[in-house]
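[1] structure, please.
(2 chains)
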Amino acid sequence: MDNKKRTIIQAVAAVLQNGHIAGFFTGRIYGGGAKHFCVPGLNCYSCPGALGACPVGSLQSAVSAWKFRFPYYVLGVMVFFGVTLGRLVCGFLCPFGFLQDLLFKVPAPKKLRTFRGDMYLRYLKYAVLLLMVLVLPFVYKTTPFFCKYLCPSGTVAGMLLTAADERLRGLLGWIFTWKAAVLTAVVLASAVIFRPFCRYLCPLGAFYALFNGVSAVRLKVDSGKCTGCGACASACGMAVDPVKSPNHAECIRCGQCVSRCPHGAISFSHCLSRSSPEGREKA
Amino acid sequence: MTDRRRMILTAALLFTAILLIAAGVAEGQYHQVLAKATRICLECIGIG
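    Purely as a prediction, here's the structure:
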């Protein structure tokens, strides 16, 4: 899978999830039946173009309801995407991931692949999932902590809505200023670091990461073909070594390693494909 | 983890996901998702 094809798929996915074009001009969000369904990626349902519901927002909303009922539906949808695609969602279907990919193409004096403490900082997204999406909204009812204080996708939605609706513009306050600062930090970091929000903060990426090792779609390394040249590891934007761990929790399955391998040793696979009898394939 | 164990785990998780969705649909939870998603979430956009 070359980068151009992936970019096209990402663009199509972003357009399909935000196809309510009229909303961008009127400042009114889509109110049709398609919003019964959660989209796979991080896409604020208050975005004027959004056609589906954001899984993280829906989960928080369910958890923070005064009359708590276990969120079977939203959790089921999220587990379904996780167990079928894993973090392929991040690599191909998430509009905010696509935005970060585009920002990473912007020339910068230096691009950081990894740095000291990078691997530890990646655990932060699990804390965001646990605390800001689950625990705090459950304890302090009615406040969707992640959406309110952190989600940059919601800030983009807010900017688009306030640009089209003067009444909303008049309501902007310190929370919007804070969220705009978070968005600015993510945008600036995206030009230097590959997918900073996905790496360190995204609770949806953290959730899907839990399933990367068992998801139906997976990466496979044929150790019979692999010469250990390291081309795959140096091509990986997420600083994962596919030879050591092809289905690492941090792998967003962008397919860079697949296209960069000079020996065709790495391929997309699925859970029904078995390793060779000699056990030469690592999956 | 062997291929067989992984396949069983994947199938079990997929089955669990389908059961969860079915339970949610039976409870009408998708209506709550729609109700939330069709109103502008002021907190989400940084106003509330």
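
[2] for A:Val217, phi and psi?
    Dihedral pair for A:Val217: phi -90, psi 130, per degrees, to the nearest 10.

[3] OK, now which residue of chain B is nearest to chain A?
    Using CB to the nearest CB, the single residue of chain B nearest to chain A is B:Gly24, 2.5 Å away. Every residue, glycine included, has its C-beta placed from N, CA and C.

[4] which residues touch the nearest residue to that residue once chain neighbours are set aside?
    In this structure, B:Gly24 finds its nearest non-sequential neighbour in A:Tyr73, 2.5 Å apart by CB to CB, 6 or more residues apart in numbering or on different chains. Each residue near A:Tyr73 by CB atoms under 8 Å, 6 or more residues apart in numbering or on different chains is listed here: A:62, B:20-21, B:23-25, B:27, B:29-30, B:33.

[5] gap between A:Tyr73 and A:Ala157?
    As judged by CB to CB, to the nearest Å, A:Tyr73 and A:Ala157 stand 23 Å apart.

[6] name the element the residue in the stretch 51-200 of chain A that chain B sits nearest to belongs to?
    Per CB to the nearest CB, A:Tyr73 is where the stretch 51-200 of chain A lies closest to chain B, at 2.5 Å. Assessed by DSSP states H and E, A:Tyr73 sits inside helix A:72-85.

[7] tell me how far that helix is from the chain's mean position?
    A distance of 14 Å separates the centroid of the chain from that of helix A:72-85, by CA atoms, centre = their mean, to the nearest Å.

[8] which SSE is immediately downstream of that helix?
    Immediately after helix A:72-85, counting by DSSP H and E, sits helix A:88.

[9] quick check: nearest residue in space to the residue positioned nearest the centre of chain B, chain neighbours excluded?
    Among the residues of chain B, the one closest to the centroid is B:Ile21, at 6.2 Å (CA atoms, centre = their mean). In this structure, B:Ile21 finds its nearest non-sequential neighbour in A:Gly76, 3.6 Å apart by CB to CB, 6+ apart.

[10] likewise for A:Thr84?
    A:Ala216 (4.9 Å).

[11] okay, now the one you found: neighbour count?
    Here the number of neighbours of A:Ala216 (other CB atoms under 10 Å in any protein chain shown) works out to 19.

[12] so what does the longest helix anywhere in chain B touch, helix or strand wise?
    For chain B, the helix with the greatest residue count under DSSP state H is helix B:3-26. With contacts defined as 3 or more CB pairs under 8 Å, 6 or more residues apart in numbering or on different chains; DSSP states H and E, the packing partners of helix B:3-26 are helix A:72-85.

[13] quick check: mean pLDDT across the helix it packs on?
    What helix A:72-85 shows for mean pLDDT is 97.

[14] B:His31 against A:His36, yeah?
    Yes: between B:His31 and A:His36 there is a contact at 7.5 Å, judged by CB atoms under 8 Å.

[15] look at the two and report which has more neighbours.
    Legend: neighbour count by other CB under 10 Å for B:His31 and A:His36, higher for A:His36 (19 against 12).

[16] and stretch A:94-106, how far out from the chain's middle?
    10 Å.

[17] list the buried residues in it.
    A:94-101, A:103-104 (16 or more other CB atoms under 10 Å in any protein chain shown).

[18] in a markdown table: the residues you listed, plus pLDDT, secondary structure and distance to A:Pro246.
    What follows is those, written out as a markdown table (pLDDT from 0 to 100; DSSP: H, G, I helix; E, B strand; the rest coil; distance: CB to CB, whole Å):
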| residue | pLDDT | secondary structure | distance to A:Pro246 |
| --- | --- | --- | --- |
| A:Cys94 | 97 | coil | 21 |
| A:Pro95 | 97 | helix | 26 |
| A:Phe96 | 97 | helix | 25 |
| A:Gly97 | 97 | helix | 20 |
| A:Phe98 | 97 | helix | 23 |
| A:Leu99 | 97 | helix | 27 |
| A:Gln100 | 97 | helix | 23 |
| A:Asp101 | 97 | helix | 21 |
| A:Leu103 | 97 | helix | 27 |
| A:Phe104 | 96 | helix | 23 |
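
[19] rewinding a little: do you know the pLDDT at the residue of chain B closest to chain A?
    96.

[20] residue contacts, it?
    Taking CB under 8 Å, 6+ apart, one finds A:71-76, B:30 in contact with B:Gly24.

[21] next structured bit after the helix ranked longest in chain A?
    Scanning chain A for the helix with the most residues, using DSSP H, yields helix A:174-190. Next helix or strand after helix A:174-190 toward the C-terminus (DSSP H and E): helix A:196-200.

[22] only C-alpha atoms, please: export the helix or strand following that following helix in PDB.
    Downstream of helix A:196-200, the first helix or strand assigned by DSSP H and E is helix A:203-209. Extracted in PDB, the C-alpha atoms of helix A:203-209 (Å, rounded to 0.1, in the frame of the first residue of the first chain):
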ATOM      1  CA  PRO A 203      -8.400   7.800  24.000                       C
ATOM      2  CA  LEU A 204      -9.900   6.200  20.900                       C
ATOM      3  CA  GLY A 205      -6.500   5.200  19.700                       C
ATOM      4  CA  ALA A 206      -5.800   3.800  23.200                       C
ATOM      5  CA  PHE A 207      -9.000   1.800  23.100                       C
ATOM      6  CA  TYR A 208      -8.200   0.300  19.700                       C
ATOM      7  CA  ALA A 209      -4.600  -0.300  20.700                       C
END
